[in-house]
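Novice: dropping a prediction and its sequence here:
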Amino acid sequence: VPLMVLIYEGIVAGTFMYDYAPAPDIVGGRRAYLNISQEGRDDLDDLREAGLLYGLKLATKKYFSTVALRITMLGEEHLEKHLTPADRASVQAVVYHPDGVGEERDRFSVRWDSARREYILYTDRGFSRPSTITEIESVSYVSSPYIPAALRVSGRANRENVGRVEELKDAVSNIKDELSENLSLNKVYLLIGEWLPMGANQMVALNDKLGSTERVQGGFFTSEVDTDPDKSRFVGTSVGLTEVELLDFDETTYINFEAEVHYPEEEGIIQVENFGCCINFRGNTIYGLKCDAVMHAVCSPSPSTFATADRAVENKLSLDNLSRLLVDVQVDSSKIIDNLLSPHQRSMLDLTYLNDAQLREKYNVILCERINKDGVSRQLKAHEYMDKEANENELKQVLGDTHSAHDLSDDEVIIIGKNGMLIGGPNVGRHEAVIVSYLALMTRNMFMRSLFQRTFILSDTLKHLRNLISLHESNPNSKSVPRASGAVDQCRADSRSQVVTEDVDTDALSCTKKFVWTERAAKHWRGGPPKIEIVVDMEFQFLLNLFIIRNLLAESSADVLMLSEIQSYLAESLVEMPQPVVPEDLVSLHLYHLLNIPSTAAQLKRRIRDLQKNLQCSRGEVNSLRDMAESVGHSKSFRVQQQVQVNTKNLEDEFRANERASASIGILQVVLAGSLAFDIIDRAHGLYLGIAAEIE
């Protein structure tokens, strides 16, 4: 990805004549949309195939794969022979700071700022600036809700927004690049699918929330929680509301509705974003829309469609604009459904996607009447799209890495990618039943990948927890001490003080630590926060480790329970999933065999059983660790009891020593008292018997 950042900067600077489009990628362990050049990525693959670059496959801590590239000897020789001074200068203008002298310290490096979620270009001389690769561009469009007929049971037809196409007459986009449109589509329908943890009871709760059985159904919805429903008013924000209108439903089985999102856009950008949504108790969730118009491409012209002398109306939607529309639809569809899900369902999604459920992965199905090639009147055959050059690069913008392409008939073609598939041809709507069944399987496949990675992260957490238990009495000086929080900065003391102690909260744990602020640090108070010296004894370290162990164990136990619940939802959804009826239409039958739906379903069931084994192992590990943690607590109690016994014995020995000393002192007091009494009697008698011999 850092190399793609430099390629993007070269495109913006005009050095590389590539296109870029938003595409999902894993950055910092989380999913993000970046302006990726598929042409640049394709050229890197060409260099690897030619032996000019080495590729090293690596894995991250969160089990995502990445590739490190290095030039080969053959690549260096090729550069020495063919790299011109002009090309070298143009590339150096991108990768070196313009005010530098061309040294190693002036070369840009790339790092990810997780706090601001953006890439930073920096040099060793201290210069840094953010990259705009994470700034996803928007286009203006009008869409109508679309739900496949195979999913409808009753109710009215879907709403049509063709009459609102005129609103795009003065609409603009914020695309900075000059796009080269190689492929375009006619009459586009989109199906965006995902799988959600859902059951019959969750379905009933969703129908109740949408007011399916009420006189006035639907309305506006938000994910905000009313913390005090007894108050006379609720104060919230109107931004991000979802407007829902029901079509048809069954209380425990499914619900079909139309949803329109209300999010502010930049000035001049107009987006009429109207979804058709279908959710059933198996977790199948489909968002469908018909593209009526995207920028200058009017896919569903109305009688009053706009046209000007310098702007002709085209029934061709470019894949460059479609890629930006898909990003907008994927993000906004997550916001729509999050407003309708229960808090428990949102917790399950956050657990699976590592608190990044807003950008979760979805599968795209694009249906169109025709795939147009610039300069070619006919529709291309399947193998012509897989050319590893311009055609395939544009398809990757909307489908991800392309896997295969097949001719369904003389005028129908299907192209399958990692993140979606494209079917082009007249009357492709007759394949809806097969497409919906395949979409349901692919969404489970995507969710299962994320869930499988999450189980490995849980296993790493349990390994770390076992290590903590094994080393719970380790020397605190060998451990890194958590950094003190900003509460330290608020303390005040006299600069003449030798030592100041204060209780502060740490970033890592909500526990109390004692710090020492020395006189030297106090003298430099005005220049910055004081230097903190953490004082931790062995007893405190033991309690701290015990605190960490118990918290991690509680969190891991809760994660195992929730992951097991998600796995059970997945397993039930596959068991109860009906097989699609084998179509009678020859082309649909060809598509049915091509997608191999029964075999794909059987593979997913095997993966679900394999996932269950991982969770059973994790559950057993949690039980084992709980026993170990209890033994740590028992050892602490035993140590306390041992210490009490030692202290009691010491006190008893001290008491007896004091008793013996008291007896000795009593005897001495009797002897001294007797001697004194004898002396007094001797003096009072007058005979001086005690000194008579000395007198004589």
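Specialist: Thanks, I have it.
Novice: use CA for all of it now, contacts and neighbours both
Specialist: Will do.
Novice: what secondary structure does Y63 sit in?
Specialist: coil (DSSP: H, G, I helix; E, B strand; the rest coil).
Novice: is it correct that it is in contact with Q453?
Specialist: Yes. At 6.4 Å, Y63 and Q453 qualify as touching, with contact defined as C-alpha atoms under 8 Å.
Novice: surely M4 meets S37?
Specialist: Yes. The criterion here is C-alpha under 8 Å, and M4 meets it with S37 at 7.3 Å.
Novice: tell me which element the closest residue to E576 other than its chain neighbours is part of?
Specialist: Leaving aside its sequence neighbours, E576 sits nearest to R282 (C-alpha to C-alpha, 6 or more residues apart in numbering; 7.6 Å). Taking DSSP states H and E as the definition, R282 sits outside all helices and strands.
Novice: next one: R282 from L326, what distance?
Specialist: To L326, R282 is 25 Å away according to C-alpha to C-alpha, to the nearest Å.
Novice: more neighbours: these two, which one.
Specialist: R282 (25 against 18; other C-alpha atoms under 10 Å).
Novice: quick check: phi and psi at the more buried one.
Specialist: For R282, the backbone dihedrals (degrees, to the nearest 10) come out as phi -80, psi 0.
Novice: ok, it - contacts?
Specialist: If a contact means C-alpha atoms under 8 Å, 6 or more residues apart in numbering, then R282 has 197-199, 569, 572-574, 576-577 as its contacts.
Novice: same check on I608?
Specialist: 448, 567, 570-571.
Novice: that older thread, for M4 and S37, indicate the residue with more neighbours.
Specialist: Relative neighbour count places S37 above the other of M4 and S37, with 23 against 17, counting by other C-alpha under 10 Å.
Novice: can you pull the pLDDT of the nearest residue to D124 once chain neighbours are set aside?
Specialist: Leaving out its chain neighbours, the residue that sits closest to D124 by C-alpha to C-alpha, 6+ apart is R105, at 4.8 Å. pLDDT, R105: 83.
Novice: G126 is in contact with R105, correct?
Specialist: No. Judged on C-alpha under 8 Å, R105 makes no contact with G126 at a distance of 9.1 Å.
Novice: neighbour-wise, which of these two wins?
Specialist: Higher neighbour count among R105 and G126: R105, with 16 against 8, using other C-alpha under 10 Å.
Novice: helices of the stretch 151-300 of the chain, start to end?
Specialist: Ranges of helices in the stretch 151-300 of the chain, per DSSP state H, counting those that start in this stretch, are 200-210.
Novice: and what of the stretch 501-650 of the chain?
Specialist: Counting by DSSP H, counting those that start in this stretch, the helices of the stretch 501-650 of the chain are 519-523, 538-575, 586-595, 597-685.
Novice: for the second one, list every residue counted as buried.
Specialist: Yep, that's helix 538-575 we're talking about. Within helix 538-575, the residues that count as buried by 16 or more other C-alpha atoms under 10 Å are 541-542, 544-546, 548-550, 552-553, 556-557, 559-560, 562-564, 566-567, 569-571, 573-574.
Novice: do the third one as well
Specialist: Buried residues in helix 586-595, defined by neighbour count with 16+ other C-alpha under 10 Å: 587-589, 591-592, 595.
Novice: widest-spaced pair of the residues you listed?
Specialist: V587 and L595 (12.4 Å; C-alpha to C-alpha).
Novice: what sits against the closest residue to V142 other than its chain neighbours?
Specialist: Closest residue in space to V142, ignoring its immediate chain neighbours: V272 at 4.6 Å, by C-alpha to C-alpha, 6+ apart. By C-alpha under 8 Å, 6+ apart, V272 lies in contact with 141-143.
Novice: how close does the residue nearest to E576 sit to Y254?
Specialist: Distance, R282 to Y254, by C-alpha to C-alpha: 9 Å.
Novice: before we move on, back to that, dump the buried residues of helix 586-595 to TSV, plus distance to G633.
Specialist: Output for the buried residues of helix 586-595, formatted as TSV (distance: C-alpha to C-alpha, whole Å):
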residue	distance to G633
V587	68
S588	65
L589	65
L591	62
Y592	60
L595	56
